[in-house]
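**Student:** A predicted structure for the sequence below; I have some questions about it.
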Amino acid sequence: ACAFAGLWNCVTINPLNIAAGVWMMLNAFVLFLCEAPFCCQFIEFANAVSARADRLRAWQKAAFYCGMAVFPVMLSLTLTTLFGNAIAFATGVLYGLSALGKKGDAISYARIHQQQKQMDEEKLTGTLEGQA
């Protein structure tokens with residue numbers, strides 16, 4: 001979607017639209033190299049780039065993909081750039097969510113809350129017994 005929107009964005013006279021379109025096609029190429037290297041088997045360095053991208057942490061990938069997707073939108077704010085970069089930005093958001101970690105379950109939080117409540121009650125009864 002990013003590559004097709006970038007190509008469509010280049011069919012204009014406005015130089016900012018052309019720059020945003022070229023950047024979007026570059027984004028699509030980088031996403032293919034990092035996320036789906038089997039689509040780029042004809043490129044010699046595709047596996048090396050993919051291996052390097054796999055070594056990055058999730059928050060680094062999130063920042064990279066979201067930054068990559070925001071730049072063309074800042075160059076030329078059109079529906080084509082917004083929709084074309086939505087998938088790249090969504091990929092960055094998903095990596096960002098995975099960097100936050102797994103959500104805890106409600107049972108463990110309820111146990112922790114119950115233990116804290118019991119400790120508070122014990123402290124309260126201990127201070128009341130000490131005053132009596």
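**Tutor:** Noted; the coordinates are in hand.

**Student:** for the spatially most central residue of the chain, give me its contacts.
**Tutor:** The chain has residue 92 as the residue nearest its centroid, 2.2 Å off, counting by C-alpha atoms, centre = their mean. With contact taken as C-beta atoms under 8 Å, 6 or more residues apart in numbering, residue 92 is in contact with 61-69. The C-beta positions use only the backbone N, C-alpha and C, and glycine is treated the same way.

**Student:** from those, list the buried ones, please.
**Tutor:** Buried by 16 or more other C-beta atoms under 10 Å: 61-66, 68-69, out of these.

**Student:** ok, residue 94 to residue 120 distance?
**Tutor:** Separation of residue 94 from residue 120 (C-beta to C-beta, to the nearest Å) stands at 39 Å.

**Student:** show me where the protein has its helices.
**Tutor:** Using DSSP state H, the helices of the chain run over residues 2-9, 15-35, 46-54, 58-75, 79-100, 106-131.

**Student:** so residue 94 and residue 120 - more neighbours on which side?
**Tutor:** residue 94 (14 against 10; other C-beta atoms under 10 Å).

**Student:** what sits against that one?
**Tutor:** Counted by C-beta under 8 Å, 6+ apart, residue 94 has contacts residue 62.
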